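*Asks:* Sequence plus predicted model, see below.
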Amino acid sequence: MALTLPRQRRPAVPARMSEEEASGVDSYSKGDKAETKSRQEEKGLSWLLPFLALGLLRHMSASSNIIHDCDEVFNYWEPLHYLLYKSGFQTWEYRSVPFHFRLFSTIGLIFPYVPLDHPAVRRLFLYRPHDRLACSTRSYFQSLRLDHIYTCFFMFWWLDQHLGFTRMKKVQVFYSVRLFLGLISTITETILVVALSRKFGKRLATYALAMLCLTSGCFFSSTSFLPSTFSMYAVTLSSALFLLENYAAAVSVAAVGVLIGWPFSILVFLPVTMYSLIKGRFQRVFLSGLITSVFVIVLSVYADFYFYGKWTSSIFNLLMYNVMGGGESHLYGIEGPLFYLRNGFNNFNFSFILALLFVAFLPITRKRYSTDLLVAVSPIYVWLAFMSLQPHKEERFLYPIYTLICVAAAAVIDSLPAVFHDKYSTGESFMEKFAKVSRPIFLGLILSASHSRTFSLLNGYSGPLVIYKHLEQHDDAKPGSILCVGSEWHRYPSSFFIPSYINEVRWIDDGFQGLLPFPFNSSMGGTAASPSYFNNKNKASDLQFLHDVEACTLLVELDLKRPHPSRGSDLSNWETLAAVHYLDRELSPPIYRSFFIPYNWHEKNVFGLYKLLRKIPREKM
């Protein structure tokens with residue numbers, strides 16, 4: 001006879017048992033897991049808040065950002081202007097090294113349905129691609145990234161058909177492109193903020209959002225027309241997809257960022273790519289990256305063949321030139337190993353220090369956050385170490401890790417109370433409570449300092465953009481006027497600011513010993529040809545200057561308080577049409593020129609005058 005045990009009633013859940021304890025009584029089913037995941041997503045920030053906040057700040061950046069690097073003008077804005085208006089300046093890179101146009105192809109890929117052989121597109125060119133090539137020598141170093149220029153041009157052709165881009169004033173086109181870049185930045189950073197909120201909570205995401213909006217580095221880099229800016233977009237999106245556990249998409253974005261953006265940024269994408277292969281389904285993730293890479297390389301090679309008439313790979317040429325010898329960046333300045341540390345502090349102030357301290361906080365952050373956050377921010381240290389070892393350093397080279405700096409600093413601020421937490425104590429200590437209260441105060445101080453630096457740079461160095469805009473107001477000058485620029489050539493904001501009554505822009509000799517850009521020549525083949533004196537040694541040529549200064553109709557110059565007089569001081573030959581203050585960096589104290597301190601900023605700093613001058617006609621003398 002079988003022994004029958006009495007049925008035992010399941011004990012009731014005590015009334016005072018917490019909801020979490022009660023939920024642990026029943027077994028954890030798949031339905032509960034899905035419900036918990038859904039609840040976590042509900043706890044995250046909505047898409048609207050970060051999109052609106054970032055969109056507003058990126059719009060402000062697009063409309064007020066200064067141009068921080070002359071490479072942005074002569075390597076990107078000027079070729080784009082040439083494609084749209086058949087005039088502009090080219091640099092020696094167009095002939096001697098593989099092309100640097102990496103951002104253009106990515107923008108062009110957004111509009112893949114624009115056919116390359118569309119009759120309307122072909123009518124916009126003066127020559128067929130192979131005719132252009134025939135006008136120049138077919139040397140190895142002329143296998144430039146012209147495919148990127150033309151794909152970008154196709155995008156603007158599409159925009160012109162729908163929005164009337166080329167019917168706008170050229171200055172409006174300039175700012176429209178910037179707004180488009182700001183939109184890309186807004187979208188990628190919004191995805192990152194939402195990913196942080198769903199993975200680690202609202203507070204961390206809110207801190208990161210505040211830094212992305214207001215830190216000087218992100219404000220200025222987000223709308224710059226540079227390959228390193230595109231790399232920043234790709235790093236941001238790839239990191240966000242990684243945190244959302246979409247590993248295949250994260251690796252695909254990384255492949256696009258490396259092959260179309262900046263090949264040397266592969267080190268920035270390496271941690272996320274490797275960990276995605278380990279954590280995700282290896283075969284699926286690997287195939288996703290492989291297919292994307294093959295597609296991009298094939299597209300690039302086909303574009304090279306279409307425009308050069310021979311099979312070549314400009315991606316391979318770029319790597320060969322810079323890695324296997326020939327790239328002599330030291331000709332353009334050498335900086336010490338601390339350059340990027342100083343630069344990072346200038347653009348992010350104390351948040352940069354906090355980002356570097358993220359590793360020191362690992363015992364704490366590892367408890368609060370998963371290993372995924374460490375993987376996402378680890379490129380900061382890899383990239384800083386690698387770039388600091390290079391002799392030639394520029395601020396824009398750090399752009400790829402700018403958004404990650406904000407994330408790492410936000411995580412450290414969020415973890416501050418945990419530093420003072422005593423695991424053996426039943427309550428919170430005074431220091432732990434104080435750390436919780438001080439988190440928003442500390443963040444506010446960082447953002448105030450960042451806004452102060454942004455305001456100082458915009459007010460101190462916006463003179464070139466303001467002065468060149470004044471050209472539109474002086475169209476009473478005779479047609480065929482010549483605008484001359486001397487030592488201020490490196491602050492030339494691009495031909496988008498030059499109205500139609502100015503026939504040409506010429507450089508005049510003010511003692512500069514390097515090689516200067518030269519106008520594109522359509523009759524020689526435009527983008528496929530260059531002056532014979534171009535060289536990769538940065539040696540100046542006498543042909544780059546206009547020696548007859550009397551031929552100048554207009555003149556742009558910076559008048560600083562120096563012993564030697566400026567050309568504009570000769571009031572018998574020149575009249576001032578416009579002048580704005582420009583911060584004199586050499587004579588201004590570092591603290592006051594770097595940060596806008598009310599009242600003291602105007603009193604302590606020294607200012608020169610950025611001038612637009614007009615030659616006085618002889619009949620009026």
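*Replies:* Structure's in. What do you need?

*Asks:* chain center to the helix or strand harbouring A255, what's the gap?
*Replies:* Taking DSSP states H and E as the criterion, A255 maps to helix 247-256. Here helix 247-256 shows a centroid-to-chain-centroid distance of 19 Å under the convention CA atoms, centre = their mean, to the nearest Å.

*Asks:* what does stretch 444-453 give?
*Replies:* Taking CA atoms, centre = their mean, one finds the center of stretch 444-453 at 21 Å from the center of the full chain.

*Asks:* Pull up the gap between the residue nearest to K433 when sequence neighbours are not counted and M431, please.
*Replies:* Once its chain neighbours are removed from consideration, K433 has its nearest residue in P417; the separation is 7.9 Å (CB to CB, 6 or more residues apart in numbering). In short, each C-beta sits where N, CA and C put it, glycine included. Distance, P417 to M431, using CB to CB, to the nearest Å: 9 Å.

*Asks:* same thing with V407?
*Replies:* Using CB to CB, we find V407 at a distance of 26 Å from M431.

*Asks:* The two: which is more packed in?
*Replies:* Each of V407 and M431 had its neighbours counted (other CB atoms under 10 Å), and the higher figure belongs to V407 (27 against 15).

*Asks:* My guess is that one contacts V375. True?
*Replies:* No: no contact is recorded between V407 and V375 when judged using CB atoms under 8 Å, the distance being 11.7 Å.

*Asks:* E557: what's it in contact with?
*Replies:* If you count contacts by CB atoms under 8 Å, 6 or more residues apart in numbering, E557 has them with V485, G486, S487, E488, S566, R567, G568, Y610, K611, L613.

*Asks:* Between those, which sits nearest C218?
*Replies:* Nearest to C218 among these, counting by CB to CB, is Y610 at 26.9 Å.

*Asks:* can you count the residues close to that closest one?
*Replies:* Once other CB under 10 Å is used to define contacts, Y610 is seen to have 25 neighbours.

*Asks:* Need the three-state assignment for it.
*Replies:* State at Y610, reduced to three classes by DSSP: H, G, I helix; E, B strand; the rest coil: strand.

*Asks:* what sits opposite it in the beta ladder?
*Replies:* On the basis of DSSP bridges, Y610 is bridged to L558, V580.

*Asks:* mind checking how far it is from V485?
*Replies:* Here the distance between Y610 and V485 works out to 12 Å (CB to CB).

*Asks:* Please enumerate the shared neighbours of the two.
*Replies:* Any residue near both Y610 and V485 by CB under 8 Å, 6+ apart counts here, and that gives V556, E557.

*Asks:* now the closest residue to L49 other than its chain neighbours: how far from L445?
*Replies:* If the residues on either side of it in the chain are set aside, L49 comes closest to L209, at 7.8 Å by CB to CB, 6+ apart. To L445, L209 is 17 Å away according to CB to CB.

*Asks:* So which bits of stretch 74-91 are buried?
*Replies:* Using 16 or more other CB atoms under 10 Å as the burial criterion, the residues of stretch 74-91 that qualify are 74-84, 87-91.

*Asks:* Ends of that stretch, what's the gap?
*Replies:* With CA to CA, to the nearest Å as the measure, stretch 74-91 spans 7 Å from end to end.

*Asks:* Helices along the stretch 301-450 of the chain, start to end?
*Replies:* For the stretch 301-450 of the chain, applying DSSP state H, counting those that start in this stretch gives helices covering 314-323, 339-348, 350-356, 362-368, 371-377, 379-388, 402-419, 430-461.
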